[in-house]
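K.L.:
Sharing a model that was predicted from the sequence below.
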Amino acid sequence: MGKDDVHVAVPVIRDEEKVALLDGRRASDAPKQRSQTVVFAILAAGSILSAIGFSAVQEWVFSIPGFYYGGWMTFITYLTYAICGWMETLITRKVQRHGRLRDYCLVSVLAMGGAYFTNWALNYLNYTTRIVFKSCRVLPVMAFRTLVVGQRYSAAQYCAGLLLVVGIALFTMGDADGIPNFSWAGIALISVALVCDAMTANLEEKQFFRIRVPCSHAEVMLYLSTFAAFESFVVLYFTGELWDAVEHSLRHTNTVPCICIFSVLGYITVSLILLIIKGFGATNAEIVKSMRKVCQVAVSFTLFPKPFSWKYAAGGMLVALALYWLHGTGKKPHGQETHHERSGGSAGEVVSTVRQG
């Protein structure tokens, strides 16, 4: 037999053995899949519950007699976020700063403005209207990028944006019918807040998360919140709100602790959503955030009864449909994703969202 005549015996696997092999692999993967499902359920439930706690406690603070101090709330909230960010950087030992202090100072002005105008608007608007408005930050993002950047969107996206405007208008009309202290000044204030949020999101993307060494969300929360707390304190001092707010909090001693509580819950929310994005992708995170908004609105109507109108229901349905339509176009407007994408999606929007609820 020549050296070219050597035969190698190849084992033949019968169909029955292939099926058994595949079944064995599936059986070994089953516990892992169940474990992943449990982890996702825990993270999703924790995110939704903490977000509900955030909105419920915050709305309760605004129901305290005589509380009209949105600037005071903004200051304490950012101070709490800064402390949480500082603690997380120590725990994770990621103490090195990657973003520039000048950038943090500039972006914090917009971030503080978004929160300040949002809280100010709540003197004239229903809390549920605030939740709906803050869900629609995509509108100023689209407007900004169309007018300034020259980006074009599809006809479906523009139609969805128009539907979103109609839904917000209907929901707002429900507020106008049912709230004695309703004022269009509240609409103007929260619209300014949305513009600030959109600009903050775009600048966060560029300055902190599209750099050679991206910043961690704990770093952004620490430095951005520290600057924002200082800036809001300056505004408090020069507007004269500081002393009245302190006097009110001394009379109602549960005000400051409650603001700190919902701020910590907000920080927990962002951390859990980031874990969902990292482990399960942005699509699942978007589903959880959508469920969170629905639950927040439902809890708001349940715990703090309001005059209900068909305009609330119709407007809410149109807003939900428009957001689903925008999400289904497959090309989400850039800027609603606030920093670099992880696992196929954006984790950055969450950092901006936690400051606004």
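P.N.:
That came through, no problem.

K.L.:
any idea how far stretch 310-323 is from the chain center?
P.N.:
20 Å (CA atoms, centre = their mean, to the nearest Å).

K.L.:
dump the residue contacts of Val57.
P.N.:
258, 261-262, 265 (CB atoms under 8 Å, 6 or more residues apart in numbering). Heads up, the C-betas are built off the backbone N, CA and C, glycines and all.

K.L.:
Could you check how many residues crowd around Phe308?
P.N.:
For Phe308, the count of nearby residues is 11 (other CB atoms under 10 Å).

K.L.:
now it, what's its secondary structure?
P.N.:
Using DSSP: H, G, I helix; E, B strand; the rest coil, the structure places Phe308 in coil.

K.L.:
quick revisit: please report which of the contacts of Val57 has the highest neighbour count.
P.N.:
Neighbour max across those (other CB under 10 Å) = Phe262, 23 neighbours.

K.L.:
and that residue, how far is that from Gly150?
P.N.:
40 Å (CB to CB, to the nearest Å).

K.L.:
Repeat that for Val95.
P.N.:
41 Å.

K.L.:
So between the two, which is more surrounded?
P.N.:
For Val95 versus Gly150, the count of surrounding residues by other CB under 10 Å is larger for Val95: 11 against 7.

K.L.:
got the phi/psi numbers for the more buried one?
P.N.:
Main-chain torsions, Val95, degrees, to the nearest 10: phi -90, psi -10.

K.L.:
wait, isn't it in contact with Thr89?
P.N.:
Yes. Here Val95 reaches Thr89: they are 5.3 Å apart, a contact under CB atoms under 8 Å.

K.L.:
which residues touch Tyr319?
P.N.:
Actually, residue 319 is Val rather than Tyr. Here Val319 is in contact with 132, 135-136, 164, 167-168, 171 (criterion: CB under 8 Å, 6+ apart).

K.L.:
so which strand or helix has it?
P.N.:
helix 310-328 (DSSP states H and E).

K.L.:
Help me confirm that Glu219 comes into contact with Gly85.
P.N.:
Yes. Contact status for Glu219 versus Gly85: in contact at 7.2 Å, counting by CB under 8 Å.

K.L.:
Quick one: the helices in this protein, in order.
P.N.:
Using DSSP state H, the helices of the chain run over residues 15-62, 70-92, 101-121, 127-134, 138-144, 155-178, 184-208, 217-239, 241-251, 255-280, 282-303, 310-328, 348-356.

K.L.:
could you say what helices and strands the fifth one packs with?
P.N.:
Judged by 3 or more CB pairs under 8 Å, 6 or more residues apart in numbering; DSSP states H and E, the packing partners of helix 138-144 are helix 155-178, helix 184-208.

K.L.:
so which of these is the most packed in?
P.N.:
Among the helices and strands packed on helix 138-144, helix 184-208 has the highest mean neighbour count (mean count of other CB atoms under 10 Å), at a mean of 21.

K.L.:
for that helix, packing partners?
P.N.:
Under the contact rule (3+ CB pairs under 8 Å, 6+ apart), helix 184-208 is packed against helix 101-121, helix 127-134, helix 138-144, helix 217-239, helix 348-356.
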